[in-house]
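> build the 3D model from these lines:
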Amino acid sequence: METRLSIGDFSKMTHLSIKALRHYHEVGVLEPAEIDATSGYRFYTPDQVPAAQVVRRFRELGVPVDEVREILQTPDPTERNQVLISHLKRMEDQLNQVEETVRSLRNLLEGPAEAPAIEYRSTPAATVLAIREPVRWEEAGEWTLDAAGDLFAALDAGGLEAAGPPGSLYPSEFFELEAAEVTLFVPVSVLASPPPGRRVQAGEIPGAELAVALHRGPFVDLDQTYGALGTVVAAQAIGVEGPIREYYLVSSLDTPDESLHRTEVAWPIFRTS
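Okay, here's the model as predicted:
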């Protein structure tokens, strides 16, 4: 007769609480070997211990419950490994982000960074290929990379060359409400033909008077350049309504080394001369 383990004993053996075991049963991640028809008590078997321990480790790594269920129910080892690899890649990205944030915080605590030089620039209107879509704050980085891939694919498909660095337009609502319609664009000299695909559109970015600061390094520190630039604009009382512009002179499209990245932040202003 196979050994039956009460949910209490199984909890001790796997370090999963009774509450967690009940939840994993309800969502189909770890079902008991037997449920007493009269009492409703759950019973497990010793050969379920390894699976329970795997579940616990997945959850400690932050693997979502749905993915844990998918992993355990996938009989094909290759498919199962792909699910695991995808999650590990997300975890690596999150760890890298944490490391960058810690580094940035340490720099802030050690003292203010050297203020960037401010340049005043009259920017003419530009013909562009652009993607304009609603974007939430937390999605901005991933969205920008995805949209940039489609923009440059449209350039290649149309036989066009970029006439300048790519850039973005961020309206005030993006910062204030953490969601807004964002525009990613690439300047072109001439539109030889309509760009392929419904996502990429031809258009024009209007000219503007801008105060511009060059940010050197990763995006995690970009708020410091925004702060320095905004302070100058506010002190001179020259700010006007309009989207903030970012121009990506050197980005992850060029090199994975974030210390080499260069981003211009451009604040719309009013100048009399």
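> what about the residue nearest to Leu229 when sequence neighbours are not counted, neighbour count?
Spatial nearest neighbour of Leu229, excluding adjacent residues (Cβ to Cβ, 6 or more residues apart in numbering): Ala213 at 4.2 Å. The way it works is simple: take the backbone N, C-alpha and C, and place the C-beta from them, glycine included. Under the neighbour criterion other Cβ atoms under 10 Å, Ala213 is assigned a count of 23.
> can you confirm Ala213 is in a strand?
Yes. Counting by DSSP: H, G, I helix; E, B strand; the rest coil, Ala213 falls inside a strand.
> run through the bridge partners of it.
Ile118, Val265 (DSSP bridges).
> buried ones in stretch 240-254, by neighbour count?
Buried residues in stretch 240-254, counted by 16 or more other Cβ atoms under 10 Å: 242-248, 251-252.
> out of those, who's nearest Ala266?
Proximity of these to Ala266 (Cβ to Cβ) peaks at Arg245, which lies at 3.9 Å.
> pull the contacting residues for the closest one.
Arg245 is in contact with 167-170, 208, 210, 264-266, 268, counting by Cβ atoms under 8 Å, 6 or more residues apart in numbering.
> could you dump these to TSV with neighbour count and pLDDT?
Conversion of these to TSV gives the following (neighbours: other Cβ atoms under 10 Å; pLDDT from 0 to 100):
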residue	neighbour count	pLDDT
Gly167	22	97
Ser168	24	97
Leu169	21	97
Tyr170	18	96
Ala208	18	95
Leu210	22	97
Glu264	20	97
Val265	23	96
Ala266	23	97
Pro268	18	96
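> can you list which of these are found in strands?
Using DSSP state E to define strands, the subset of the contacts of Arg245 located there is 167-170, 208, 210, 264-266, 268.
> which one among those residues gets closest to Asp93?
Once Cβ to Cβ is applied, the member of those that ends up nearest Asp93 is Ser168, at 20.9 Å.
> my guess is that closest one meets Thr263, correct?
No. If you go by Cβ atoms under 8 Å, Ser168 and Thr263 don't touch, sitting 9.7 Å apart.
> what do these two both touch?
With Cβ under 8 Å, 6+ apart, Ser168 and Thr263 have common neighbours 246, 248.
> what about the stretch 1-150 of the chain, any weak spots by pLDDT?
1, 104, 111-113 (pLDDT under 70).
> now with 80, please.
Applying pLDDT under 80 to the stretch 1-150 of the chain flags the ranges 1-2, 61-62, 71-72, 74-88, 90-91, 93-94, 96-115.
> coming back round to it: in TSV, list the ones in strands among the contacts of Arg245 along with distance to Asp93.
Output for those, formatted as TSV (distance: Cβ to Cβ, whole Å):
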residue	distance to Asp93
Gly167	24
Ser168	21
Leu169	26
Tyr170	23
Ala208	34
Leu210	32
Glu264	26
Val265	24
Ala266	28
Pro268	33
